[in-house]
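Peer 1: Provided below for reference: sequence and predicted model.
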Amino acid sequence: MVRPADNTTDRRLSALEHACRGVVGDRLRSVSVDGPDHSGTLYRRSDLDPGADGPVHEAMVEGASCQSPVLADGGRTVCTFENGYVTRIRVGDTDVVATTDGIKMDRDTELSAAVRGVLRE
């Protein structure tokens with residue numbers, strides 16, 4: 001369910017999308033957010049069909065565990081999925097889920113820092 005956003009939320013969501021795209025670049029497939037102010041897809045790469053990564057986003061938000069996490073630490077989980085990698089970053093009561101074609105762990109650390117920076121502003 002997509003909740004409406006106000007101007008402050010719109011600015012934060014835009015900043016979140018730009019931060020994710022800036023860190024990951026062309027390998028970014030999609031970004032979704034699930035929190036008290038907004039729930040839904042923020043970004044989907046133009047070559048993907050609508051809902052292409054939807055099931056993996058939903059599973060991560062619902063707390064499904066990966067069969068073999070690549071990384072799991074305080075509030076961040078990185079897993080493989082059939083099309084690449086999925087990262088869930090939890091900040092307070094908000095989950096941000098990003099899918100990528102591939103990601104280096106240093107980029108994932110930067111992605112986590114960028115998401116946390118936007119959500120804590």
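Peer 2: Perfect, thanks for sending it. Please read these numbers as outputs of a predicted model, since none were measured by experiment.

Peer 1: surely Ala94 meets Val33?
Peer 2: For residue 94 the amino acid is Thr, not Ala. Yes - assessed by CB atoms under 8 Å, Thr94 is found in contact with Val33 at 6.5 Å. Where C-beta positions appear, they are placed from N, C-alpha and C, glycine not excepted.

Peer 1: So in this structure, where's the weakest helix or strand by average pLDDT?
Peer 2: strand 71-73 (a mean of 66; mean pLDDT, DSSP states H and E).

Peer 1: Each with direction, which strands does whatever helix or strand comes next after it pair with?
Peer 2: As assigned by DSSP states H and E, the chain's next helix or strand after strand 71-73 is strand 76-81. Strand 76-81 pairs in its sheet with strand 71-73 (antiparallel), strand 84-91 (antiparallel), by DSSP bridges.

Peer 1: low pLDDT regions in the protein?
Peer 2: 1-6, 65, 67-69, 71-72, 74 (pLDDT under 70).

Peer 1: If we use 50, what do you get?
Peer 2: 1-3 (pLDDT under 50).

Peer 1: Would you map the strands across it?
Peer 2: 28-34, 39-44, 71-73, 76-81, 84-91, 94-100 (DSSP state E).

Peer 1: contacting residues around the longest one?
Peer 2: Contacts of strand 84-91 with the rest of the structure, by CB atoms under 8 Å, 6 or more residues apart in numbering, involve 27, 29, 53, 56-57, 60-61, 70, 75-80, 95-103, 108, 111-112, 115-116, 119-120.

Peer 1: I'd like to know which of the residues you listed are buried.
Peer 2: When the contacts of strand 84-91 are checked for burial by 16 or more other CB atoms under 10 Å, the buried set is 29, 53, 56-57, 60-61, 76-79, 95-100, 103, 108, 111-112, 115-116, 119.

Peer 1: Quick check: Val61 vs Asp47, distance?
Peer 2: 24 Å (CB to CB, to the nearest Å).

Peer 1: who does the helix ranked longest in the chain touch, helix- and strand-wise?
Peer 2: For the chain, the longest helix by residue count, based on DSSP state H, is helix 7-24. Contacts defined by 3 or more CB pairs under 8 Å, 6 or more residues apart in numbering; DSSP states H and E place helix 7-24 against strand 28-34, strand 39-44, strand 94-100, helix 105-119.
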